[in-house]
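K.L.:
Let me see the structure of the following:
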Amino acid sequence: MHKDFWGWSLENVGKAKVDTKYLLEYIDDPKIADKLEQTGDDELFTNREFDDISKAITAYMTRYMKEDCAIVHLWETVLINGEVVLEQMIEPTGDFKYWMRCAVDDEMRRRVASAERRAEDLERSNNLYAGFIKAMGKQFENMFNEFCKRETEG
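P.N.:
From the prediction side, this is the model:
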């Protein structure tokens with residue numbers, strides 16, 4: 001069992017040793033994915049094994065959302081006393097990737113809009129400061145330039 005397991009298990013009553021393994025297999029290169037399609041050679045997959053579903057799903061979702069990931073699968077294998085009793089693929093529904101990308105895109109649009117507003121505010125503020133310093137005369141402009149020089153060198 002996973003070290004942070006919480007709940008009931010056959011292990012709790014001394015009946016059996018239960019293990020759950022998660023296998024992440026993926027291909028990032030479309031040319032290798034084409035080769036897999038032609039040959040059926042499972043050795044072309046890059047594999048990572050986990051015993052913690054949280055880490056497995058995190059790794060899976062990271063690959064799943066990447067544009068350059070051609071194929072990604074997550075397999076769950078349950079073993080009792082070393083014997084496989086369940087092996088299944090864990091995969092989101094067909095439109096999940098689309099909706100996840102929409103959510104990510106919406107969030108990024110909000111962040112970009114916020115950053116653009118902040119940049120415009122800062123540019124307006126800088127222009128006001130520059131105008132004020134110029135209006136105060138050459139002496140203040142020189143003092144400001146000297147101040148900036150000291151601050152950037154230090």
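
K.L.:
How many neighbouring residues does residue 26 have?
P.N.:
The tally of other residues near residue 26 (other C-beta atoms under 10 Å) stands at 21. Any C-beta I mention is one placed from the backbone N, CA and C, and that applies to glycine too.

K.L.:
Kindly report the same for residue 95.
P.N.:
Counted by other C-beta under 10 Å, the residues lying close to residue 95 total 9.

K.L.:
ok, so what distance separates it from residue 51?
P.N.:
Here residue 95 is placed at a distance of 30 Å from residue 51 (C-beta to C-beta, to the nearest Å).

K.L.:
ditto for residue 131
P.N.:
64 Å.

K.L.:
Looking at the two, which is more packed in?
P.N.:
Higher neighbour count among residue 131 and residue 51: residue 51, with 13 against 10, using other C-beta under 10 Å.

K.L.:
for that one, what are its contacts?
P.N.:
Shown in contact with residue 51 (C-beta atoms under 8 Å, 6 or more residues apart in numbering): 2, 19, 20, 21, 22.

K.L.:
TSV for these, including secondary structure?
P.N.:
As requested, the contacts of residue 51 are arranged in TSV below (DSSP: H, G, I helix; E, B strand; the rest coil):
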residue	secondary structure
2	coil
19	strand
20	strand
21	strand
22	strand
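
K.L.:
Can you turn the buried part of those residues into a ChimeraX selection?
P.N.:
Of these, the buried ones go into a single ChimeraX selection, burial set by 16 or more other C-beta atoms under 10 Å:
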select :20,22
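
K.L.:
With pLDDT and distance to residue 29 as new columns, can the contacts of residue 51 be given to me in TSV?
P.N.:
As requested, the contacts of residue 51 are exported to TSV (pLDDT from 0 to 100; distance: C-beta to C-beta, whole Å):
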residue	pLDDT	distance to residue 29
2	55	32
19	88	32
20	92	30
21	95	26
22	97	23
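
K.L.:
Out of the contacts of residue 51, flag the one nearest to residue 78.
P.N.:
residue 20 (5.2 Å; C-beta to C-beta).
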